[in-house]
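# I'll drop the sequence and a predicted model, then ask my questions.
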Amino acid sequence: MKFPIKLWVSVLALTFSGVACQQESKSSKQDPSPVELQTYLPGTWEAVSISVDIPSVDSTDYDSVFTVSEEYWVDKFRIQPVKTFFQPDKKYRQEFRNSVDSLLNEVKGIWNVFGDTLMLIEPNATNTYLVNINKGLATFNAVVDWDGDGAEDDTYKAVHRKVSSSY
């Protein structure tokens, strides 16, 4: 299905900003501890992929999986991969740019870490993710209402790459 660019930007902003996370994490020796997550997060992160598992699409018995990998990002969304800038002073911003690098939208807020959970606070929303960082990639997991059916039953997973320690 094709959506206008404004709708895609809104959907990406909503989904990256997330909603209540309802999953448990598994830690490994390579993953930063919660204190390290707070230290490691500041910098510039770029979206690599999004995957959403949508059960009961349009109130049917059919499930759907929406997946976009790095090599198809621009073709699918008609925008560059979203960049998120986490500052050490707990502020963040996300930039949504078109294919010729013009700024389409910018989302700003504050962030905080509680164990392996990242909370993003914007003026009209507070959202959380379960975050797992491994080898320079951060995986953000949440349960969202991706399909707009009023039920937060869609499993959202986004992978972002740290591209710079500056912000």
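Cool, the structure landed.
# ok, residue 63 touching residue 56?
Yes: in this structure, residue 63 sits in contact with residue 56. The criterion is Cβ atoms under 8 Å, and the distance is 7.0 Å. Heads up, the C-betas are built off the backbone N, CA and C, glycines and all.
# Find the residues that touch each one of those two.
Shared contacts of residue 63 and residue 56 (Cβ atoms under 8 Å, 6 or more residues apart in numbering): none.
# more crowded one of the two?
Looking at residue 63 and residue 56 with other Cβ atoms under 10 Å, you find the greater number of neighbours at residue 56, namely 15 against 10.
# Tell me where the model's unsure across this protein.
Low-confidence segments of the chain (pLDDT under 70): 1-35, 57-62.
# List of residues touching stretch 153-166?
Contacts to stretch 153-166, defined as Cβ under 8 Å, 6+ apart, come from residues 15-16, 18, 23, 40, 42-56, 83-84, 136-147.
# what ranges do the strands span in the chain?
Taking DSSP state E, the strands of the chain run over residues 43-54, 64-68, 83-86, 91-97, 103-114, 117-122, 125-134, 137-144, 154-164.
# Kindly present these as JSON lines, with separate columns for distance to residue 77 and mean neighbour count.
Rendered in JSON lines, the data for those read as follows (distance: least, Cβ to Cβ, whole Å; neighbours: other Cβ atoms under 10 Å):
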{"stretch": "strand 43-54", "distance to residue 77": "9", "mean neighbour count": "19"}
{"stretch": "strand 64-68", "distance to residue 77": "7", "mean neighbour count": "14"}
{"stretch": "strand 83-86", "distance to residue 77": "13", "mean neighbour count": "20"}
{"stretch": "strand 91-97", "distance to residue 77": "9", "mean neighbour count": "18"}
{"stretch": "strand 103-114", "distance to residue 77": "11", "mean neighbour count": "15"}
{"stretch": "strand 117-122", "distance to residue 77": "20", "mean neighbour count": "18"}
{"stretch": "strand 125-134", "distance to residue 77": "20", "mean neighbour count": "18"}
{"stretch": "strand 137-144", "distance to residue 77": "17", "mean neighbour count": "20"}
{"stretch": "strand 154-164", "distance to residue 77": "13", "mean neighbour count": "18"}
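# Can you lay out those as CSV showing distance to residue 74?
What follows is these, written out as CSV (distance: least, Cβ to Cβ, whole Å):
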stretch, distance to residue 74
strand 43-54, 11
strand 64-68, 10
strand 83-86, 14
strand 91-97, 10
strand 103-114, 13
strand 117-122, 25
strand 125-134, 24
strand 137-144, 20
strand 154-164, 16
